[in-house]
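Colleague: fold the following for me, if possible:
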Amino acid sequence: EVHCTIPQVKDGLRHRFGKEKKRAYSSVLINNQLSAAKDEIGAYFFTCDGTYGVNMYRLTTCPMVTVDCLGMSRCCGVTIGLLENSADIIKGCKAFLLSSLLDESEEVNFNENVDGVVIKNHVIKNSCKGTIFTDNGPFGGPTVLAIGKDHGLCTQHERTDIPSVTAGLGSDRHQAMRDLNAFIFKYTSVSVMEEKFDEARQKYGHCAATLKFIDSLYEKKEKLCRAFTQDLFSFNATTTQRGEGYNDRLKGHTSLKAKLSDASLPELIDRFDAITLDTCNKALESLTKVRQNDDRVTESYKTEVGKSLELSALSVKSCEKVEGSEAQYLSTRTNGEIFVVDLKTKIMHRGEFFAIPTCSCGYYCSSFRICRDIAKALVVSSELPRSVTLEDLIVPANIHPFHLAQFHPMWPQAVRKANRADYDDLPQIKRILGGDAVDAPSPSTGSTSTDNNGRACPDEFY
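Modeller: Presented below is the predicted three-dimensional model:
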């Protein structure tokens with residue numbers, strides 16, 4: 001039944017069948033034309049976390065969830081297979097354009113250079129390699145090697161062990177909990193972090209459980225500790241919460257949860273479609289407001305940049321141009337930290353060049369938002385007036401293309417709904433998107449919604 005039904009379910013379904021362990025199939029990969037794989041944003045950051053109880057076959061469902069320019073969680077696709085195994089997850093990453101590697105050799109992949117820009121994602125031509133966040137499951141290591149991503153581990157999973165491993169420290173327990181959490185969330189300097197690790201071993205080494213945790217944390221420091229993870233793009237997230245939140249939404253509650261626990265694959269696909277349609281409808285509303293307000297980014301992005309503008313006056317001590325450079329500045333903060341700002345960094349996004357301001361600070365590297373150092377450098381460079389406003393900062397030339405609303409696949413529909421013309425000041429966007437925009441589903445007005453093949457999503461899937 002599955003063999004006959006699945007290929008006919010809907011256009012865009014990706015599938016693969018085998019006969020491993022006497023099953024009719026070993027893995028199934030699912031996405032649709034409105035998933036996040038369409039606009040390739042998952043290439044920058046995504047989480048992968050498996051869940052159970054959403055199909056009658058007792059197979060593990062692993063949604064691959066990213067975040068878009070609106071800050072909304074978007075599913076790139078779903079892998080269904082035997083446990084959280086790397087083989088199926090790797091297939092899903094490649095099918096949903098989440099891998100940074102082509103099928104050629106690793107040496108070719110990591111030496112590609114286009115007009116002075118090193119290409120780190122060779123699938124969609126990005127200068128950013130991208131990041132995957134997982135829990136500490138065994139599939140993480142092989143998957144990261146196969147898809148060529150940076151790897152972060154969920155900090156929430158790690159910190160939950162801290163109360164138990166410090167239980168034997170007596171009166172020192174609460175201070176030990178603060179010190180161990182500081183390794184994960186506080187220290188931004190690698191040298192300071194190393195010193196604190198040595199101090200912690202001396203101070204808490206008499207407790208075997210605490211010492212074991214410290215050594216384990218040190219081994220995984222590049223994937224867990226802020227001194228390292230601040231350099232990984234993650235939309236300022238260091239957990240798998242978005243994936244876990246999507247799992248919770250996918251499984252539903254009460255009667256829906258019971259129904260899905262005995263669902264066939266076509267029924268599970270209906271649920272996936274219903275969530276995708278609902279997300280797209282919400283995105284359409286948000287994007288329409290962005291265009292009606294003549295903005296290029298969301299209100300949340302503007303709020304964050306407003307904080308950066310304020311901090312540039314309060315906590316940046318000086319910002320001086322690097323001698324002999326065209327647009328590089330050294331920004332010194334009041335706490336003594338020094339960061340390098342380049343106002344004309346050349347990057348590649350989906351095969352097109354952009355020249356934007358970048359900074360070496362952890363806030364910028366993990367979020368690609370304008371930071372306090374960039375704001376200060378723009379003022380010092382005389383590109384902005386001394387009495388700079390938020391509107392002066394938030395212009396397309398200063399915004400990383402990841403955050404530009406025009407790259408969202410629902411943007412053409414939002415422009416039409418707002419009854420406005422589209423912006424035409426970035427020719428790269430037209431070259432990237434071309435005429436390949438996906439027609440938006442009409443906002444749902446009833447208890448069912450019809451997909452592009454005329455199939456109705458049942459009431460209970462909403």
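
Colleague: what bridges to C48?
Modeller: Here C48 sits in beta bridges with M64, going by DSSP bridges.

Colleague: mind listing what the closest residue to R350 other than its chain neighbours touches?
Modeller: In space, and not counting its chain neighbours, R350 is closest to I432: 4.9 Å by CB to CB, 6 or more residues apart in numbering. Where C-beta positions appear, they are placed from N, C-alpha and C, glycine not excepted. Residues near I432 by CB atoms under 8 Å, 6 or more residues apart in numbering: H349, R350, G351, E352, F407.

Colleague: and I432, how close does it get to L70?
Modeller: In this structure, I432 and L70 are 18 Å apart, going by CB to CB, to the nearest Å.

Colleague: again with F339
Modeller: Taking CB to CB, one finds F339 at 28 Å from L70.

Colleague: list the buried residues of stretch 185-197.
Modeller: Y187, M193, K196, F197 (16 or more other CB atoms under 10 Å).

Colleague: kindly indicate which of the residues you listed lies nearest P401.
Modeller: P401 has its nearest neighbour among those in Y187, at 31.3 Å by CB to CB.

Colleague: check for me that the closest one belongs to a helix.
Modeller: No: under the criterion used here (DSSP: H, G, I helix; E, B strand; the rest coil), Y187 is coil, not part of a helix.

Colleague: excluding chain neighbours, what is closest to it?
Modeller: Per CB to CB, 6+ apart, closest to Y187 is M193, 4.2 Å.

Colleague: residue contacts, the one you found?
Modeller: F183, Y187, K221, C225, A227.

Colleague: who wins for neighbours among those residues?
Modeller: C225 (26 neighbours; other CB atoms under 10 Å).

Colleague: number of nearby residues for E158?
Modeller: E158 has 24 nearby residues by other CB under 10 Å.

Colleague: surely it and E219 touch.
Modeller: No: E158 is not in contact with E219 according to CB atoms under 8 Å; the separation is 11.8 Å.

Colleague: thinking again about what came up before, which two of the contacts of M193 have the greatest separation?
Modeller: Using CB to CB, those span at most 10.2 Å, a distance reached by Y187 and K221.

Colleague: which neighbours do these two share?
Modeller: M193, A227.

Colleague: and the helices in the stretch 301-450 of the chain?
Modeller: Under the criterion DSSP state H, counting those that start in this stretch, the stretch 301-450 of the chain contains helices at 362-367, 372-380, 390-393, 411-418, 427-433.

Colleague: buried set for the biggest strand by length in the chain?
Modeller: Criterion DSSP state E: the longest strand present in the chain is strand 338-349. For strand 338-349, the neighbour count (16+ other CB under 10 Å) marks F339, V340, V341, D342, L343, T345, I347, M348, H349 as buried.

Colleague: re earlier: and the buried residues of stretch 185-197 as TSV, adding secondary structure and pLDDT?
Modeller: Below are these laid out as TSV (DSSP: H, G, I helix; E, B strand; the rest coil; pLDDT from 0 to 100):
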residue	secondary structure	pLDDT
Y187	coil	96
M193	helix	97
K196	helix	97
F197	helix	97
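
Colleague: of all the residues you listed, which comes closest to K376?
Modeller: Y187 (24.1 Å).

Colleague: what distance do you get for the residue nearest to R350 to I124?
Modeller: From I432 over to I124 (counting by CB to CB), the distance is 10 Å.

Colleague: common neighbours of these two, please.
Modeller: Shared contacts of I432 and I124 (CB under 8 Å, 6+ apart): R350, G351.

Colleague: poorly predicted segments of the stretch 351-462 of the chain, please.
Modeller: The model of the stretch 351-462 of the chain has pLDDT under 70 over residues 383-386, 435-462.

Colleague: try it again with 80
Modeller: 382-387, 434-462 (pLDDT under 80).

Colleague: tell me how many other residues crowd the residue nearest to K94 when sequence neighbours are not counted.
Modeller: Excluding the flanking residues, the one nearest K94 by CB to CB, 6+ apart is I147, at 7.3 Å. For I147, the count of nearby residues is 22 (other CB under 10 Å).

Colleague: ok, I147 - contacts?
Modeller: Neighbours of I147 in contact, by CB under 8 Å, 6+ apart: I90, C93, K94, L98, S99, S100, L101, I132.

Colleague: so which elements touch the longest helix seen in the chain?
Modeller: The single longest helix within the chain, with elements called by DSSP state H, is helix 265-292. Applying 3 or more CB pairs under 8 Å, 6 or more residues apart in numbering; DSSP states H and E, one finds that helix 265-292 contacts helix 2-5, strand 27-30, strand 73-81, helix 241-251, helix 254-260, helix 411-418, strand 456-457.

Colleague: could you redo the last one with a cut-off of 6 Å?
Modeller: In terms of contacts (3 or more CB pairs under 6 Å, 6 or more residues apart in numbering; DSSP states H and E), helix 265-292 is packed against helix 411-418, strand 456-457.

Colleague: any idea of the mean pLDDT in the helix or strand hosting F183?
Modeller: Using DSSP states H and E, F183 sits in helix 173-185. Mean pLDDT, computed over helix 173-185, is 96.

Colleague: ok, and what's touching that helix?
Modeller: By CB atoms under 6 Å, 6 or more residues apart in numbering, the surrounding residues in contact with helix 173-185 are T155, I162, T166, L169, A200, Y204, L217, L224, C225, R226.

Colleague: please apply the same query to stretch 209-228.
Modeller: Residues from elsewhere that reach stretch 209-228, judged by CB under 6 Å, 6+ apart: 151-153, 158, 165-166, 183-185, 187-188, 190, 193, 197, 200, 204-205.

Colleague: quick one: low-confidence ranges for the stretch 1-150 of the chain?
Modeller: In the stretch 1-150 of the chain, residues with pLDDT under 80: 1-40, 57, 82, 103-112.

Colleague: now do the strands in it.
Modeller: Using DSSP state E, counting those that start in this stretch, the strands of the stretch 1-150 of the chain run over 15-16, 27-30, 45-48, 60-67, 73-81, 113-114, 117-118, 131-134, 150-153.

Colleague: by contact count, what packs against the third one?
Modeller: In other words, strand 45-48. Going by 3+ CB pairs under 6 Å, 6+ apart, strand 45-48 lies up against strand 60-67, strand 131-134.

Colleague: can you rerun that using 10 Å?
Modeller: Applying 3 or more CB pairs under 10 Å, 6 or more residues apart in numbering; DSSP states H and E, one finds that strand 45-48 contacts strand 60-67, strand 73-81, helix 86-95, strand 131-134, strand 150-153, helix 241-251.
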